[in-house]
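Q: coords below, sequence missing:
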């Protein structure tokens with residue numbers, strides 16, 4: 001059972017006491033001896049209630065230092081001040097300040113394995129460093145609505161897509177800070193029901209989309225495109241015929257192509273949604289591949305290689321469009337051309353069109369089911385699209 005010494009301790013006693021128990025030094029200071037070690041603690045009364053505070057081990061705090069701490073705490077309790085609150089506040093102030101910028105960069109490092117490619121990783125850093133730089137030196141605990149508004153307002157109407165990405169990334173950083181216990185309360189970067197009520201509404205004219213060629217002009221455009229011998233022209237032709245994203249077509253390898261079955265399987269690692277995507281190849285699309293295939297091609301070879309190796313850049317296709325007198329349309333815009341054509345001139349179901357564009361529909365189970373059932377329907381859809389691009393009948 002614990003014992004209490006009646007007289008004050010001395011340095012020699014503190015060093016030699018080994019019997020487990022609690023020894024009083026007076027004025028609320030006690031030494032606790034255990035088999036695991038010896039430590040100081042203070043017991044006092046605040047507003048009639050007992051309080052206890054640890055003061056540290058005898059190896060870190062001497063007898064004189066322990067007496068000084070106990071005396072300070074006793075003086076506080078006599079004045080009605082809670083020494084525990086004072087101690088906690090001092091400890092919090094002693095902690096290094098974690099700024100938004102420091103936390104954001106560490107957060108990106110922590111999640112970078114989830115990015116599909118280094119470009120996305122760098123985009124996160126670039127957008128925050130460029131457009132949220134006013135937040136970087138602020139303690140992450142202090143970022144509020146006014147700070148976020150100050151970062152977004154200069155680009156909200158002039159660069160709407162960028163502003164939306166910046167807002168979303170700030171929101172995610174602050175959510176992560178809250179999860180780590182560095183923040184409390186609502187996220188000041190939340191859009192719906194919060195920032196969107198404070199920022200000016202965007203008119204539809206201000207929302208920029210990828211410029212697209214009207215579908216009634218696609219046959220004439222394709223006819224001219226097919227007169228051009230450059231490999232970039234074949235890459236663009238194949239991209240249009242398969243309604244693929246530019247990067248998916250430019251990065252394809254021969255291992256992804258089954259010309260006999262007329263199927264192109266894009267692995268999930270190269271898809272925006274992260275899931276493998278099967279593209280039925282129409283006759284004209286397969287013909288493009290056969291035209292560029294060489295006798296020495298290996299499965300790992302890029303189908304549309306750049307002159308100096310690797311795959312063609314997006315800029316190479318953009319420059320081709322400029323040379324064709326179409327500087328205002330984008331490669332991505334041909335997907336909108338396809339969608340407009342399908343919606344306005346065909347009876348194909350919306351889900352077939354969305355699957356052809358590799359858009360996410362429903363749950364993972366539902367998407368797998370639909371992909372299996374809709375492949376042949378999409379083959380008919382891609383044949384009809386290729387025929388329309390050629391100004392003729394389905395192949």
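A: That came in fine, so what should we check first? Keep in mind that this is a model prediction, so the values were computed, not measured.
Q: quick one, helices of the stretch 251-395 of the chain?
A: 283-292, 314-323, 333-345, 350-356, 364-390 (DSSP state H, counting those that start in this stretch).
Q: want to throw these into JSON lines with mean neighbour count?
A: Any C-beta I mention is one placed from the backbone N, CA and C, and that applies to glycine too. Listed next are the helices of the stretch 251-395 of the chain as JSON lines, based on neighbours: other CB atoms under 10 Å:
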{"stretch": "helix 283-292", "mean neighbour count": "18"}
{"stretch": "helix 314-323", "mean neighbour count": "16"}
{"stretch": "helix 333-345", "mean neighbour count": "19"}
{"stretch": "helix 350-356", "mean neighbour count": "18"}
{"stretch": "helix 364-390", "mean neighbour count": "17"}
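Q: Out of those, the one nearest residue 28 is which?
A: helix 364-390 (63.6 Å; CB to CB).
Q: Quick check: residue 130 vs residue 122, distance?
A: 12 Å (CB to CB, to the nearest Å).
Q: got it, and residue 315?
A: Applying CB to CB to residue 315 and residue 122 gives a distance of 17 Å.
Q: Residue 28 now?
A: 59 Å.
Q: more neighbours, the two?
A: residue 28 (19 against 13; other CB atoms under 10 Å).
Q: Redo the helices of the stretch 251-395 of the chain as a markdown table? Include distance to residue 305.
A: Below are those laid out as a markdown table (distance: least, CB to CB, whole Å):
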| stretch | distance to residue 305 |
| --- | --- |
| helix 283-292 | 9 |
| helix 314-323 | 11 |
| helix 333-345 | 22 |
| helix 350-356 | 26 |
| helix 364-390 | 24 |
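Q: can you redo those helices as JSON lines with distance to residue 70 and mean pLDDT?
A: Formatted as JSON lines, the helices of the stretch 251-395 of the chain follow (distance: least, CB to CB, whole Å; pLDDT from 0 to 100):
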{"stretch": "helix 283-292", "distance to residue 70": "84", "mean pLDDT": "94"}
{"stretch": "helix 314-323", "distance to residue 70": "71", "mean pLDDT": "91"}
{"stretch": "helix 333-345", "distance to residue 70": "74", "mean pLDDT": "89"}
{"stretch": "helix 350-356", "distance to residue 70": "73", "mean pLDDT": "85"}
{"stretch": "helix 364-390", "distance to residue 70": "63", "mean pLDDT": "74"}
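Q: Nearest to residue 251, out of those helices?
A: Of all these, helix 314-323 comes closest under CB to CB, at 10.7 Å.
Q: between the closest one and helix 333-345, how big is the angle?
A: 60 degrees (axes from the mean of the first three to the mean of the last three CA atoms, to 10 degrees).
Q: Can you tell me which helices and strands helix 314-323 packs against?
A: Other elements packing on helix 314-323 under the criterion 3 or more CB pairs under 8 Å, 6 or more residues apart in numbering; DSSP states H and E are helix 231-242, helix 246-250.
Q: if we go to 6 Å?
A: Identification of packing neighbours for helix 314-323 by 3 or more CB pairs under 6 Å, 6 or more residues apart in numbering; DSSP states H and E yields helix 231-242.
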